[in-house]
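Student: turn this into a model:
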Amino acid sequence: MKQNIQRMLSQGRAKHVASILLTASALLLSTTPAAYAQTDYPNRPIKVVVPYTAGGNVDITARVYTKKLSEKLGQQVIVENRPGASTIIGSQSVVKSPPDGYTLLITGTITSAHTMNPGLFATLPYDTNKDFAPISLLTQISLFVVVHPSLPVNTLQELIALAKAKPKQINVATGGSGGSANLAVELLTMASGAQFTAVHYKGNAPGLADTVAGQTSMMIETTSTALPHIRGGKLRALAVTSNKRSPLLPDVPTVAESGYPGYDVTLKIGMLAPAGTPQAILDKLANEVASIARDPATQKLFAEQGSEAISSTPQAFASEIEADITKWTELMKKNGIKAE
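Tutor: Prediction:
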């Protein structure tokens, strides 16, 4: 009898120990991925998808940051250009990738395709708010309201007055319906009550060429591409669309200073990951980006190209994306703007 009781107690202790071991193993397995991601990431090359062709503002931004990230992380960070369908093709490829931090997206985010596409297209193969994990902003770029010198105006106020006196007689070049330049014009129209006639091109480059040639009278174009023509006297800058003046042309007032408070159109480029990427990875990348953006050499490099190196937390970036989607979707609905 005594031996039976001892045997039962021994078996009970064994079961208890086994239960403890199983519980510990389960906890270890459940916590290992996050801990591993935080301490060992990255342990292999990282691919960064750029949904634009090589050579543009987004591609240049991506190559500067990926080069510096490679140095900081001790792993190759490789750019892959996947343009097409207003950035949808490249963006979708990232959404379909494993959320492990080894496939990222650098794209035009604020006042660009990423936040404009939800209002521009009836359907998208992903949910812009839910299927991406924002990491950080990288750069921001101002736009200038420019006119051909043959147009008899020297200020934005004079341009608006002329457009009101001659409704729809001033042709404005844009890079396409629903693009940033087109929506910047629409926002100016709503703010001022002036009416222009939009001439949509397949991209900003041909529109800019025709404005320089005098085929169209006006355009809202990025600093980097407009500046050489402004300095060469082929275009006249009337205002900058951001909420502060450009250090490259400090005498040119903002649209807000010219009588339209609250007007702000600033292009911003950012880095995102697939939704579900561990927060430890997002934070690590955001911290590295912030360090790169603060570097005086980085700031000088981008300033020379007409842009500004910036950074943000993942949470702040997510809030900005959500607000920008709402802003442009409402504007497109109100003006009946759709993808061509």
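
Student: C-alpha only now, for contacts and for neighbours.
Tutor: OK.

Student: quick one, phi psi at residue 48?
Tutor: Here is the backbone geometry of residue 48 (degrees, to the nearest 10): phi -120, psi 120.

Student: so, low pLDDT: which residues of the stretch 201-340 of the chain?
Tutor: Scanning the stretch 201-340 of the chain for pLDDT under 70 picks out the ranges 340.

Student: could you pull out the helices for it?
Tutor: 204-213, 223-231, 279-294, 296-304, 314-335 (DSSP state H, counting those that start in this stretch).

Student: pLDDT at the spatially most central residue of the chain, what is it?
Tutor: For the chain, the residue nearest the mean C-alpha position is residue 109 (2.0 Å; CA atoms, centre = their mean). pLDDT, residue 109: 95.

Student: got a list of what the residue lying closest to it once chain neighbours are set aside touches?
Tutor: Excluding the flanking residues, the one nearest residue 109 by CA to CA, 6 or more residues apart in numbering is residue 269, at 5.3 Å. Going by CA atoms under 8 Å, 6 or more residues apart in numbering, residue 269 touches 58, 61, 106-110, 137-140.

Student: one more: residue 238?
Tutor: 144-147, 154-156, 252-253.

Student: got a quick ChimeraX command for the buried subset of those residues?
Tutor: Typed into ChimeraX, the next command selects the buried ones out of those (criterion: 16 or more other CA atoms under 10 Å):
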select :144,145,146,147,155,156,252,253
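
Student: and the contacts of residue 238, which of them are in strands?
Tutor: Within the contacts of residue 238, residues falling in strands by DSSP state E are 144-147.

Student: residue boundaries of the strands in the stretch 51-200 of the chain?
Tutor: Using DSSP state E, counting those that start in this stretch, the strands of the stretch 51-200 of the chain run over 77-81, 103-110, 132-141, 143-147, 171-174, 197-200.

Student: tell me what angle the third one forms with strand 103-110.
Tutor: Spelled out, that is strand 132-141. Between strand 132-141 and strand 103-110, the angle comes out at 50 degrees (axes from the mean of the first three to the mean of the last three CA atoms, to 10 degrees).

Student: what helices and strands are in contact with strand 132-141?
Tutor: Contacts defined by 3 or more CA pairs under 8 Å, 6 or more residues apart in numbering; DSSP states H and E place strand 132-141 against strand 267-274, helix 279-294, strand 307-309, helix 314-335.

Student: go again using 10 Å as the cut-off
Tutor: helix 57-73, helix 88-95, strand 103-110, strand 267-274, helix 279-294, helix 296-304, strand 307-309, helix 314-335 (3 or more CA pairs under 10 Å, 6 or more residues apart in numbering; DSSP states H and E).

Student: could you point out which of those sits nearest residue 168?
Tutor: helix 314-335 (15.6 Å; CA to CA).

Student: please save the CA atoms from the closest one in PDB.
Tutor: The C-alpha coordinates for helix 314-335 follow below in PDB (Å, rounded to 0.1, in the frame of the first residue of the first chain):
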ATOM      1  CA  PRO A 314       6.300  55.100 -37.400                       C
ATOM      2  CA  GLN A 315       3.200  56.300 -35.500                       C
ATOM      3  CA  ALA A 316       3.500  59.900 -36.700                       C
ATOM      4  CA  PHE A 317       4.000  58.800 -40.300                       C
ATOM      5  CA  ALA A 318       0.900  56.500 -40.100                       C
ATOM      6  CA  SER A 319      -1.200  59.400 -38.900                       C
ATOM      7  CA  GLU A 320       0.100  61.700 -41.600                       C
ATOM      8  CA  ILE A 321      -0.700  59.100 -44.300                       C
ATOM      9  CA  GLU A 322      -4.200  58.700 -43.000                       C
ATOM     10  CA  ALA A 323      -4.900  62.400 -43.000                       C
ATOM     11  CA  ASP A 324      -3.400  62.900 -46.500                       C
ATOM     12  CA  ILE A 325      -5.600  60.100 -47.900                       C
ATOM     13  CA  THR A 326      -8.700  61.800 -46.500                       C
ATOM     14  CA  LYS A 327      -7.600  65.300 -47.800                       C
ATOM     15  CA  TRP A 328      -7.000  64.200 -51.400                       C
ATOM     16  CA  THR A 329      -9.900  61.700 -51.600                       C
ATOM     17  CA  GLU A 330     -12.400  64.400 -50.600                       C
ATOM     18  CA  LEU A 331     -10.800  66.800 -53.200                       C
ATOM     19  CA  MET A 332     -11.100  64.300 -56.000                       C
ATOM     20  CA  LYS A 333     -14.700  63.400 -55.200                       C
ATOM     21  CA  LYS A 334     -15.700  67.100 -55.000                       C
ATOM     22  CA  ASN A 335     -14.100  67.800 -58.400                       C
END
